[in-house]
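Colleague: requesting a structural model of the entry that follows:
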Amino acid sequence: MKKKYKIIKDKEFGYLRADPIPTPEELKVYYREEFYTPKPFNDSSLEIQKEGQKYYDSRWEGIYQRCKLILKSEKFSVFDIGFGYAQALLYFDSKGIEVSGLEPSPEGVQYAKSKGLDVYEAGIDDFTITKGRRFDVVMMLNVLEHLSHPQETLKSIQTNLLNPGGIVVIEVPNEFNDFQTTAVSEYNIEEWWVCPPHHLNYFSSSSLEILLEKCDYKVEYMQGSFPMEIFLLMGDLYVGNQELGKKCHNRRVEFERIMRKHNKTEKLQKFYEALAKLDLGRTSLVFARSVLK
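Modeller: A predicted model of the protein is given here:
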């Protein structure tokens, strides 16, 4: 029988999370027996990224440019936590940036090393593996929502990985947003995004900012992403319909492509910045500087 979880507001840090928090042993069993069955970390996930390489490259380029602006430097070092098939690291490497990262999956690490990258196979929060090596930028893209104690991970990054004045780049799903909850009410469907123990934490842009500030970071920049749930409110009920979900994603990609084609990249960026202020958008992307004394 599966363990039952409630979603509560964390009393100290303010974000929503699963209760009770699973023990390390429970998570180990879950990832060994359920998360990888059927095994999602396979060549198809790499094929999907390759298929949408222009879209993903535009994401990496946006992160790259924002890091340059915040750090006021063309040259900096990047460490990616949970890098998967290392597509972001390969993009940064192509820009002449010093890159490294850690990944629990042997397949991902093997692929990264086959491309000449200096990376580590380790647990998602085993930062001592770098043996004191530090970086200007630490990325966690779609990682923080999986962690039992995200505040401890953020503090450990400062202690073990980040150069003084360095920045973290964090992307998380933006959950319980108004488009999602309106769709639930309108169509009488379940809160499909709630899925512990796979996702333990449920952030908005504002709750992520509060967490970062309480962990001695200052948010330098924040943006949302295209509000995919708007398709639901226009009648495209893609929840549980993978084929329709892919079509909606492709429409989003085409929207961004056309905006960039017609030199509206800056306006598109401002649109996504405005979404973050409203706690809207499918994801929240945050750049925050460590201010730990």
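Colleague: low-confidence stretches in the protein?
Modeller: Low-confidence segments of the chain (pLDDT under 70): 1-2, 32-44.
Colleague: can you give me the strands in it?
Modeller: 6-9, 16-19, 77-81, 98-103, 120-121, 135-141, 162-173, 201-202, 217-224, 283-290 (DSSP state E).
Colleague: format those strands as a markdown table; extra columns: mean neighbour count and distance to K155.
Modeller: C-beta coordinates here come from the backbone N, C-alpha and C atoms, glycine included. Converted to a markdown table, these look like this (neighbours: other CB atoms under 10 Å; distance: least, CB to CB, whole Å):
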| stretch | mean neighbour count | distance to K155 |
| --- | --- | --- |
| strand 6-9 | 12 | 21 |
| strand 16-19 | 19 | 17 |
| strand 77-81 | 24 | 14 |
| strand 98-103 | 23 | 17 |
| strand 120-121 | 17 | 20 |
| strand 135-141 | 23 | 12 |
| strand 162-173 | 21 | 10 |
| strand 201-202 | 24 | 15 |
| strand 217-224 | 19 | 10 |
| strand 283-290 | 23 | 10 |
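Colleague: quick one: which of these is nearest E51?
Modeller: Minimum separation from E51 across those (CB to CB) falls at strand 135-141, 18.5 Å.
Colleague: so which residues of the stretch 51-200 of the chain form helices?
Modeller: 53-71, 87-94, 106-114, 150-160, 178-187 (DSSP state H, counting those that start in this stretch).
Colleague: H146 is in contact with H198, correct?
Modeller: Yes - using CB atoms under 8 Å, H198 is in contact with H146, at 7.3 Å.
Colleague: who has more neighbours, the two?
Modeller: H146 (19 against 13; other CB atoms under 10 Å).
Colleague: can you give me every residue that contacts that one?
Modeller: Each residue near H146 by CB atoms under 8 Å, 6 or more residues apart in numbering is listed here: 124, 198-201.
Colleague: roughly how far does the residue nearest to I70 when sequence neighbours are not counted sit from L69?
Modeller: Once flanking residues are discounted, I70 sits nearest to E220: 5.0 Å by CB to CB, 6 or more residues apart in numbering. E220 sits 9 Å away from L69, going by CB to CB, to the nearest Å.
Colleague: count of neighbours near the residue nearest to K214 when sequence neighbours are not counted?
Modeller: Spatial nearest neighbour of K214, chain neighbours left out: F13 (5.8 Å); criterion: CB to CB, 6+ apart. Neighbour count of F13, defined by other CB under 10 Å: 20.
Colleague: quickly note the distance from F13 to L154.
Modeller: 10 Å.
Colleague: anything in contact with each of those two?
Modeller: L211.
Colleague: now for K50, how many residues are close by?
Modeller: The tally of other residues near K50 (other CB under 10 Å) stands at 12.
Colleague: for I258, same thing?
Modeller: Using other CB under 10 Å as the criterion, I258 is surrounded by 11 other residues.
Colleague: could you dump the contacts of H146 to a markdown table with distance to E266?
Modeller: As requested, those are exported to a markdown table (distance: CB to CB, whole Å):
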| residue | distance to E266 |
| --- | --- |
| I124 | 35 |
| H198 | 36 |
| H199 | 33 |
| L200 | 36 |
| N201 | 32 |
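Colleague: ok, the nearest residue to H149 once chain neighbours are set aside to K6 distance?
Modeller: Leaving aside its chain neighbours, H149 sits nearest to I21 (7.4 Å; criterion: CB to CB, 6+ apart). Separation of I21 from K6 (CB to CB): 11 Å.
Colleague: hang on, isn't P104 packed against A122?
Modeller: Yes - P104 is within contact range of A122, at 6.9 Å (criterion: CB under 8 Å).
Colleague: who has more neighbours, these two?
Modeller: Per other CB under 10 Å, whichever of P104 and A122 has more neighbours is A122, with 17 against 14.
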